[in-house]
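>>> Just need the structure, nothing else, for what follows:
(chains A, B, C and D, ligands or ions: 4)
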Protein chains: 2
Amino acid sequence: MKIQNDGNIDFALILAKKGVSKTKFRIHLLELFYNKRSLSVKEVMNKSSNLINKVTIYRALECFEEKGLIHKVPSINNIIRYSLCNSDECIGSLHKHNHGHFICNNCNQTFCLENYKSPDIKDIEGFYINSLNLILEGYCKDCHLN
Amino acid sequence: MKIQNDGNIDFALILAKKGVSKTKFRIHLLELFYNKRSLSVKEVMNKSSNLINKVTIYRALECFEEKGLIHKVPSINNIIRYSLCNSDECIGSLHKHNHGHFICNNCNQTFCLENYKSPDIKDIEGFYINSLNLILEGYCKDCHLN
DNA sequence: AAAATAACGCAATTTTGTTGCGTTTATTTC
DNA sequence: GAAATAAACGCAACAAAATTGCGTTATTTT
Ligand SMILES: [Mn+2]
Ligand SMILES: [Mn+2]
Ligand SMILES: [Zn+2]
Ligand SMILES: [Zn+2]
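Ligands and ions are numbered 1, 2, ... in the order given. Now for the predicted structure:
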């Protein structure tokens, strides 16, 4: 499922609904996520004007996560990645995602695997679950060939 | 399933079988993993003599992973964790684990969820998978109460 | 429009992980 | 089991990634 931004999405409105200030940068940041679904901090930096301060990026990402717009995607190469939330129930530290994410160990792109579902989360004795992630890593089509 | 070390496990032998040098520290490190299953780098540091150099720890962990003794466990708080491999097929960058891992966001302990299985890995069009991880995060019993 | 709140930029700092190189320890070969 | 070889170790320096404090600017609320 590819998200199409036909130019009619009102990013400022989405931010307002979630209680996020509508600054130039945050509108731009949300657009980035609607276009690409998953981004590492570095990718956000590269795709933003290099006039924007990295601290601002970190703080905006934290805010988006807190407000349930995006969620962290863990990975073994220890780079923070974020992906657009697909559930209205996401908020704060509560992010349970039922589809997998694939991370390419070469180009570092992250792909949402909409059709690859994680098992239904059940309460597990003694564990209070805030987030669920199914992570696949390896090489994407492009990077596998080289 | 709790792994019991009844004092009869020959860690040096296990290292030898995997082609890892039997140094004092590496024998100790393997014992740590047999006792606790999952450890962050920091936990390894704390549980080792503070005379041991951090570079040595990083290099030993890398070696263990390469030889298929342990594998990385990704997490959203961006701390490298390792867990004992449960399959003889693990080696190098190939680590597919069929059970979930729970990470406590407070005490940072990692727990193997032997009974919580990840879906059978299928080849996914365009993705060449090296590692699979099912990650649950939240609070453990102890930390939930406080 | 004024007051209050939140975001931003900059500089400094912290935390985490890495590299090179000389020394020590373990393994292999004889 | 001694010598040769290979691997592990420690140290110091470095690099990358993320965080903190604080004064300034922009956004939101009243
Ligand atoms: Mn989410
Ligand atoms: Mn493994
Ligand atoms: Zn790739
Ligand atoms: Zn805990």
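>>> Could you confirm A:I129 falls within a strand?
Yes. Per DSSP: H, G, I helix; E, B strand; the rest coil, A:I129 lies within a strand segment.
>>> from memory it sits against A:K96, does it?
Yes. If you go by Cβ atoms under 8 Å, A:I129 and A:K96 touch, sitting 7.3 Å apart. Every residue, glycine included, has its C-beta placed from N, CA and C.
>>> intersection of neighbour lists for those two?
Shared contacts of A:I129 and A:K96, defined by Cβ atoms under 8 Å, 6 or more residues apart in numbering or on different chains, comprise A:I121.
>>> mind listing what the residue nearest in space to the middle of chain A touches?
Closest to where the C-alpha atoms of chain A average out (Cα atoms, centre = their mean) is A:S83, at 1.2 Å. Going by Cβ under 8 Å, 6+ apart, A:S83 touches A:F33, A:R37, A:S38, A:L39, A:I70, A:H71, A:V73, A:H97, A:H101, A:T110, A:C112.
>>> tell me the secondary structure for it?
Classified using three-state DSSP, A:S83 is strand.
>>> Need the pLDDT of it.
The per-residue pLDDT reported for A:S83 equals 94.
>>> gap between it and A:H71?
Going from A:S83 to A:H71 by Cβ to Cβ, to the nearest Å gives 6 Å.
>>> So for those two, which residues contact both of them?
Common contacts of A:S83 and A:H71, defined by Cβ under 8 Å, 6+ apart, comprise A:H97.
>>> nearest to B:N78, of the contacts of A:S83?
B:N78 lies nearest to A:V73 out of the contacts of A:S83, by Cβ to Cβ, at 11.3 Å.
>>> And for the closest one, nearest residue in space, chain neighbours not counted?
Sequence neighbours aside, A:R81 is the residue nearest to A:V73 in space, at 4.2 Å (criterion: Cβ to Cβ, 6 or more residues apart in numbering or on different chains).
>>> Now do the contacts for the one you found.
Residues in contact with A:R81 (Cβ under 8 Å, 6+ apart) are A:S38, A:L39, A:S40, A:V41, A:K72, A:V73, A:S75, A:I103, A:T110.
>>> Are any of those buried, and if so which?
A:S38, A:L39, A:S40, A:K72, A:V73, A:S75, A:I103, A:T110 (16 or more other Cβ atoms under 10 Å in any protein chain shown).
>>> Of those residues, which belong to strands?
Within these, residues falling in strands by DSSP state E are A:S38, A:L39, A:S40, A:K72, A:V73, A:I103, A:T110.
>>> contacting residues around A:I70?
A:F33, A:L61, A:F64, A:Y82, A:S83, A:L84, A:C85.
>>> Does the first one fall in a helix, a strand, or a coil region?
Same thing as A:F33. helix.
>>> so the residue lying closest to it once chain neighbours are set aside bridges to which residues?
Excluding the flanking residues, the one nearest A:F33 by Cβ to Cβ, 6+ apart is A:L84, at 4.8 Å. Beta-bridge pairing of A:L84 under DSSP bridges involves A:I70.
>>> A:S131: neighbouring residues, count only.
22 (other Cβ atoms under 10 Å in any protein chain shown).
>>> give the contact list for it.
The contact partners of A:S131, taken as Cβ under 8 Å, 6+ apart, are A:H71, A:K72, A:S93, A:L94, A:H95, A:K96, A:H97, B:I76, B:I135, B:L136, B:E137, B:G138.
>>> please redo it, this time with the cut-off set to 10 Å
A:71-72, A:74, A:90, A:93-97, A:121, B:75-76, B:103, B:105, B:135-138 (Cβ atoms under 10 Å, 6 or more residues apart in numbering or on different chains).
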